[in-house]
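*Asks:* Attaching a predicted model along with its sequence, questions to come.
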Amino acid sequence: MNDLDQLDHVAAAADEGAALADNPAAAQEAEALAAGPDYHGQAVAGLDLFCGMVAGYAPETAEIFDTATKGRIAAAAVPVMEKYGFTFEKVPPELILIAVAGPPVYQAARMVATRMERDKAPKDTAPKQPQGIERAAAATLDKPEPTPRHPQEALYK
């Protein structure tokens with residue numbers, strides 16, 4: 001390696017340092033990249049995604065995943081994610097779209113299907129109840145005539 005190659009590296013490092021000094025946001029981003037992935041933040045975000053998917057299918061499950069439960073699950077997921085180097089940035093965006101959009105679309109489809117079934121159902125197939133004079137006539141026809149009794153039966157009451 002000659003002296004010119006060493007100067008080239010020194011100049012590149014100086015240019016990089018100057019760019020970071022001119023742009024504080026880039027400096028913070030560079031520090032975050034150097035620190036590595038935020039596994040805890042990734043675990044929390046992944047758990048929120050999962051909870052949204054499950055609650056989209058079965059809304060009554062939303063109460064199962066309270067803040068304390070989510071915290072315990074995320075804390076348990078962090079060491080596993082670190083061990084395998086897993087982050088959700090490695091997941092294809094198509095899968096994230098399905099996970100985010102799937103549950104609301106599913107619930108909307110169920111609501112539309114229920115509405116269509118209700119619209120197809122026959123309207124009021126129950127027999128019509130008589131009104132007015134028809135009702136009075138039906139009431140007198142339904143009651144049987146009293147059986148004639150012998151007058152002496154009154155003595156035995």
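*Replies:* Received the coordinates, thanks. Numbers count the residues shown, from 1 in each chain.

*Asks:* nearest residue to the residue positioned nearest the centre of the chain other than its sequence neighbours?
*Replies:* The residue lying closest to the centre of the chain (Cα atoms, centre = their mean) is G56, at 2.7 Å. Nearest non-adjacent residue to G56, counting by Cβ to Cβ, 6 or more residues apart in numbering: P103, 1.7 Å away. Bear in mind the C-beta positions are built from the backbone N, C-alpha and C, glycine included.

*Asks:* any idea how far that neighbour is from K123?
*Replies:* Distance, P103 to K123, by Cβ to Cβ, to the nearest Å: 33 Å.

*Asks:* Quick one: list the elements packing against whatever helix or strand G102 lives in.
*Replies:* G102 belongs to helix 93-120 when assigned by DSSP states H and E. Helices and strands touching helix 93-120, as assessed by 3 or more Cβ pairs under 8 Å, 6 or more residues apart in numbering; DSSP states H and E, comprise helix 39-57.

*Asks:* Please write out the alpha-carbon positions of whichever helix or strand comes after the helix it packs on in CSV.
*Replies:* The first helix or strand that comes after helix 39-57 along the chain, using DSSP H and E, is helix 67-84. The C-alpha coordinates for helix 67-84 follow below in CSV (Å, rounded to 0.1, in the frame of the first residue of the first chain):
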residue,chain,number,x,y,z
THR,A,67,-50.6,-4.0,28.4
ALA,A,68,-49.0,-6.3,31.1
THR,A,69,-49.5,-9.4,29.0
LYS,A,70,-48.0,-7.7,25.9
GLY,A,71,-45.0,-6.5,28.0
ARG,A,72,-44.3,-10.1,29.3
ILE,A,73,-44.5,-11.6,25.8
ALA,A,74,-42.3,-8.9,24.2
ALA,A,75,-39.7,-9.3,27.0
ALA,A,76,-39.7,-13.1,26.3
ALA,A,77,-39.4,-12.6,22.6
VAL,A,78,-36.4,-10.2,22.7
PRO,A,79,-33.7,-12.9,23.5
VAL,A,80,-35.1,-15.2,20.8
MET,A,81,-35.0,-12.4,18.2
GLU,A,82,-31.4,-11.5,19.2
LYS,A,83,-30.3,-15.1,19.1
TYR,A,84,-31.6,-15.6,15.5
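
*Asks:* Which of P103 and K123 has more residues huddled nearby?
*Replies:* P103 (18 against 5; other Cβ atoms under 10 Å).

*Asks:* In contact with the residue nearest to the centre of the chain, which residues are there?
*Replies:* By Cβ atoms under 8 Å, 6 or more residues apart in numbering, the contact list for G56 reads G102, P103, P104, Y106, Q107.
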